[in-house]
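J.: Predicted model and sequence follow; I will ask about them next.
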Amino acid sequence: MGDSDRIGRCDGETSSTLAADRLSRRAVLSGVGAAGVTGLAGCIGGDDGGTTGGGSAVDSVSIGMVTSTSGPFAVFGNAAITGAELAIEDLESEFDVDIELSTDDSQLEPGTALERARALVTEGNVDFLTGAVSSSVALRLSGWATDNEVTYFPTGSHSDALTGGECGKYVFRPSASNSMLANSISDGMVEAADEWFLMYSDYTWGQTASTAVKNALEDAGKTVVGREAVPFPSDDYAQYVNRAEASGAPAIGVLIAGLDLRKASNQIIASGLEDRTLAMHQLEDFVFWGMDKDAASILDVAGQVWGPATDGGEEFKERVAEQGEMDPYVRHLLGYISVDQGVRAALRAESTAAPDMREALEGHEVSSPIVDMKGGGEMYWRAGDHQLVQPTYTVTSRPTDEMRDDPYKSWFSVENEFAGDDVARPVEDTGCSL
Amino acid sequence: MSAILDARTQAQRLLSESSPAAKLGGLAGVLLLGNAAVQEPGLFIDQAIGGLVYGMILVMISLGLALVLGLMGVVNFAHGALFMLGGYFTYAAMASYGIPFWAALLIAPVGVGVVGIVIEVVVLRRLYGKEPIIGLLATFGLTLMIEEAARFVWGASAVQPAKPAFLTGGTDLGVTQVGTYRLFTVAVATVSVAGVYYLITRTDFGLSVRAGVQDGEMTEFVGVNLPLRFTAMFFLGSAIAGLGGALRVVEFGIDPGAAEEFVLLAFVVVVIGGVGSIFGSVVAGLLVGWAQFLIPVVLSALAVITGVSAINVQGISDLIPFLVMIAVLLIRPRGLFGEEGLLE
């Protein structure tokens, strides 16, 4: 019996006994938020935010998205929201379902994000959660979602911990992990140079990225001559670039998050280091669009989850571009995937209860339009760690005269495509024990 | 020349007033720097120059605050918001109206200065002579209002106009290469500091303002229009904050969070230098810049000779300004060149 069934069977039964014995924590939370303590003593739930349980079809879904809409990650959060809205358009036209999206700003603070996610669930009665750009935020929401039986898609977080030591029963990562991206670029980095200096943003994402890239290089017999943790966000990268220069390494791995990557790249150029091999394990095209093309052409090798140069999803890219706010890049797709996969799982499960959605997602072979958008490669939800196994890519800068601006910007070209199974860690190595 | 003599006098006074413990600490610092310079000479030179450049950028950011706080006694928390507005005005001028960089660099500070005049006349003028906390709270409220207004007009995402082509890339200084735009910022900061110093110490205007701060009643009694002069000073302080923002937006872009991000750093610099001393703010800016760039090198060199790798703390850089401030205040509560008795 799914949790929606349990919620639907309130029938005027009173009491905390019911809550304790038969309701999930999520339902209790929702009841507390919606009705307060007195409501809990009366009847909890009902239609659970517009869905119907008991085996009947889901006819409406309410989604909560907590992401960065201010601060240095705002461009990423806003792009994910645009992608989510496009997914809703497509799903509503494909299925007889009403979808509502409620968004709130995480302000890049895990505590704030949690408070707002909790409000969306308990007061807004959303059926599942998506969102987060920062890994720190995603990890906090993940822990809470797991404890409270709320399905959560951490839209834009790459930290290995999310599908590793801190994986959650109801947490499903739609993006590629840091290790997937590191394994994607490792061949290119290994071929490019024997010695590397790594600069990384000093928080969860950067720390795990640095470890993943270091391991990949050292496994291939290469040397990491130095690693430098950079506070994030930072208003000045000169001292770290100086350290990279002093290391004498012919190649620099720039594992810097968000728009700070633009600052770091500008200071690398200003310091005259653009002749060294430059690698970035996670390229987001938008970051480079704020630079001039000469500056953007310095990149030698980068890993990517998706981008405008990826083969596939032309219609999606054009729809994003037509919106006029931003040209298409990976965050649009990640917002789209989160909503697409969440709603489809609810429809398959005929329930929005977290255990039912979990059952519908684990091991599921994806066949929605996102497969075409990612170039047609195999995509599935791995049961052992809830990672969406999917193709990844390596890209390099195009010569400036080949950088395209119309109908949307496309400044990089895909060098290689990797099957998700070839770059994802084996489940037994992740530390996740689902 | 006289400015250099003033600086030498103040430095000598600082040395003569330092306790033996402070002198011993200074000596230890010199030895640690020497160790770092011997172990990693190339990196040490790069970081010393980088710290100088960054220090001058900090001076540029904090100069307006030093002026308003030091001379007028106003704890202007809205300084960061004015800095941010300078960035946004420059962006609007260049990106929305196609105004050239040089003109924007003039228009934006003047625009921010006008905002400063409005703040001074409408809000601060009523608060002179009252508890500093009232001014602090009023300007904090103004900061929130300006931030939200900027968010409403320009959005939450960072904006950045295009950098002029001749200021892109790097300039080879022989021993190291530094971004051309950063050198330009240093030049503007140097001219601004010199101009403000001259205005305050060598003109009748500066003299009358300083006299007004010491004894407003007597100054007005001899015919000086003090409110007008205070308004002009606030215009100048605001315009310099705006100039800092204008320089910043072209290099790194700006978002509404910049208001609070930089006001803290500016306060740190002013407090280290000593409230009331523009010279102190210049020294403090350079000190913080050098500390941020050189302390990590010192720590890594120390880790090498002691064999204790834990000494080489990663990611410590952002903490350094605050650590320097704590150290200075513990030894000398009035700051390096602050007025005697203040905060003591």
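T.: That came through, no problem.

J.: residue contacts, the residue in chain B positioned nearest to chain A?
T.: At 3.0 Å from chain A, B:Gly179 is the closest residue in chain B, using CB to the nearest CB. Backbone N, C-alpha and C define where each C-beta goes, glycine included. Counting by CB atoms under 8 Å, 6 or more residues apart in numbering or on different chains, B:Gly179 touches A:238, A:266-267, A:270-271, B:169-171, B:251.

J.: ok, now how distant is it from B:Ile49?
T.: For B:Gly179, the distance to B:Ile49 equals 11 Å [CB to CB, to the nearest Å].

J.: which neighbours do these two share?
T.: In contact with both B:Gly179 and B:Ile49: no residue, using CB under 8 Å, 6+ apart.

J.: Give me the number of neighbouring residues for the residue of the stretch 51-200 of chain A found nearest chain B.
T.: Closest residue of the stretch 51-200 of chain A to chain B, CB to the nearest CB: A:Ser70 (3.8 Å). The burial count assigned to A:Ser70 is 19, neighbours taken as other CB atoms under 10 Å in any protein chain shown.

J.: Helices of chain B, start to end?
T.: B:2-17, B:20-39, B:41-72, B:79-91, B:101-122, B:132-154, B:180-202, B:204-214, B:216-221, B:226-252, B:258-273, B:278-306, B:320-331 (DSSP state H).

J.: Any idea which residue of chain A lies closest to chain B?
T.: Chain B sits closest to A:Ala270 of chain A, with a gap of 3.0 Å, by CB to the nearest CB.

J.: Which residue, other than its chain neighbours, is closest to that residue?
T.: Excluding the flanking residues, the one nearest A:Ala270 by CB to CB, 6 or more residues apart in numbering or on different chains is B:Gly179, at 3.0 Å.

J.: before we move on, the earlier item: so what's the residue of chain A closest to chain B up against?
T.: With contact set as CB under 8 Å, 6+ apart, A:Ala270 has these partners: A:238, B:169-170, B:177-182.

J.: Next to chain A, which bits of the stretch 201-344 of chain B? Give me the list.
T.: B:251-253, B:255-257, B:261, B:292-293, B:296, B:314-315, B:317-318 (CB under 8 Å from any CB of the partner chain).

J.: A:Glu402 versus the closest residue in space to B:His79 that isn't next to it in sequence, what's the distance?
T.: Nearest non-adjacent residue to B:His79, counting by CB to CB, 6+ apart: B:Leu65, 4.4 Å away. Separation of B:Leu65 from A:Glu402 (CB to CB) stands at 48 Å.

J.: Tell me which of these two has more neighbours.
T.: Comparing B:Leu65 with A:Glu402 by other CB under 10 Å, the one with more neighbours is B:Leu65, at 29 against 12.

J.: Report the helix or strand with the lowest average pLDDT across the chain.
T.: In the absence of a named chain, chain A is used. Every helix and strand of chain A was ranked by mean pLDDT, DSSP states H and E. The lowest is helix A:3-8, at a mean of 34.

J.: that answer is for a different chain, and I need it for chain B
T.: helix B:2-17 (a mean of 66).

J.: for the residue nearest the centre of chain B, what are its contacts?
T.: In chain B, the residue lying closest to the centroid (CA atoms, centre = their mean) is B:Ser62, at 1.9 Å. By CB under 8 Å, 6+ apart, the contact list for B:Ser62 reads B:265-267, B:269-270, B:281, B:284-285.

J.: Dump stretch A:189-200 to CSV, keeping only the CA atoms.
T.: Taking Å, rounded to 0.1, in the frame of the first residue of the first chain, the C-alpha atoms of stretch A:189-200 are listed here in CSV:
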residue,chain,number,x,y,z
MET,A,189,44.2,15.5,-19.6
VAL,A,190,46.4,12.4,-19.5
GLU,A,191,47.2,13.0,-23.2
ALA,A,192,47.8,16.7,-22.8
ALA,A,193,50.4,16.8,-20.0
ASP,A,194,52.3,14.8,-17.4
GLU,A,195,52.2,17.4,-14.6
TRP,A,196,49.1,19.3,-13.5
PHE,A,197,48.3,22.0,-11.0
LEU,A,198,44.7,22.1,-9.8
MET,A,199,42.8,25.1,-8.5
TYR,A,200,39.4,24.3,-7.0
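
J.: Now do the buried residues in it.
T.: Buried residues in stretch A:189-200, counted by 16 or more other CB atoms under 10 Å in any protein chain shown: A:189-190, A:192-193, A:196-200.

J.: same check, this time on stretch B:301-312
T.: B:301-302, B:304, B:312.

J.: what's the neighbour count on the closest residue to A:Phe128 other than its chain neighbours?
T.: Of all residues not flanking A:Phe128 in the chain, A:Thr151 sits nearest, at 3.9 Å (CB to CB, 6+ apart). Using other CB under 10 Å, A:Thr151 has 28 neighbouring residues.

J.: Give me the phi and psi angles of A:Thr151.
T.: phi -70, psi 140 (degrees, to the nearest 10).

J.: got it, and the one 3 residues further on?
T.: With angles defined as degrees, to the nearest 10, A:Pro154 sits at phi -70, psi 90.

J.: correct me, but it touches A:Trp144?
T.: No: in this structure, A:Pro154 is not within contact of A:Trp144 by CB atoms under 8 Å, at 11.8 Å.

J.: Same drill for those two, tell me which one is more crowded.
T.: Per other CB under 10 Å, whichever of A:Pro154 and A:Trp144 has more neighbours is A:Pro154, with 31 against 20.

J.: Let me see the contact set for residue 267.
T.: In the absence of a named chain, this looks at chain A. A:Gln267 touches A:236-238, A:241, B:179, counting by CB under 8 Å, 6+ apart.

J.: my question was about chain B
T.: B:62, B:65.

J.: so what's it scoring on pLDDT?
T.: pLDDT for B:Phe267: 91.

J.: returning to that earlier point: tell me which of the helices of chain B lies nearest to A:Leu259.
T.: helix B:226-252 (8.8 Å; CB to CB).

J.: Could you list the buried residues of that closest one?
T.: B:226, B:229-252.

J.: now do stretch A:203-221
T.: A:203-214, A:216-217.

J.: any idea which of the buried residues of stretch A:189-200 is closest to A:Val171?
T.: A:Tyr200 (24.1 Å).

J.: Just the buried ones from the residues of the stretch 201-344 of chain B next to chain A?
T.: B:251-253, B:255-257, B:261, B:292-293, B:296, B:314-315, B:317-318.

J.: Name the nearest residue to A:Arg227, sequence neighbours excluded.
T.: Per CB to CB, 6+ apart, closest to A:Arg227 is A:Leu198, 4.6 Å.

J.: which residues of the stretch 251-400 of chain A fall in helices?
T.: For the stretch 251-400 of chain A, helices defined by DSSP state H, counting those that start in this stretch occupy the ranges A:260-270, A:285-289, A:293-296, A:314-323, A:330-349, A:354-361, A:369-373.

J.: now, of those, which is deepest in the fold?
T.: Of all the helices of the stretch 251-400 of chain A, helix A:330-349 carries the top mean neighbour count, a mean of 26, counting by mean count of other CB atoms under 10 Å in any protein chain shown.

J.: how much space between the residue nearest to A:Ala270 and A:Pro407?
T.: Applying CB to CB to B:Gly179 and A:Pro407 gives a distance of 34 Å.

J.: picking up where we left off before, any chance of the helices of the stretch 251-400 of chain A in TSV, plus distance to A:Leu139 and mean pLDDT?
T.: Listed next are the helices of the stretch 251-400 of chain A as TSV, based on distance: least, CB to CB, whole Å; pLDDT from 0 to 100:
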stretch	distance to A:Leu139	mean pLDDT
helix A:260-270	20	85
helix A:285-289	23	86
helix A:293-296	32	81
helix A:314-323	28	93
helix A:330-349	17	97
helix A:354-361	18	97
helix A:369-373	24	96
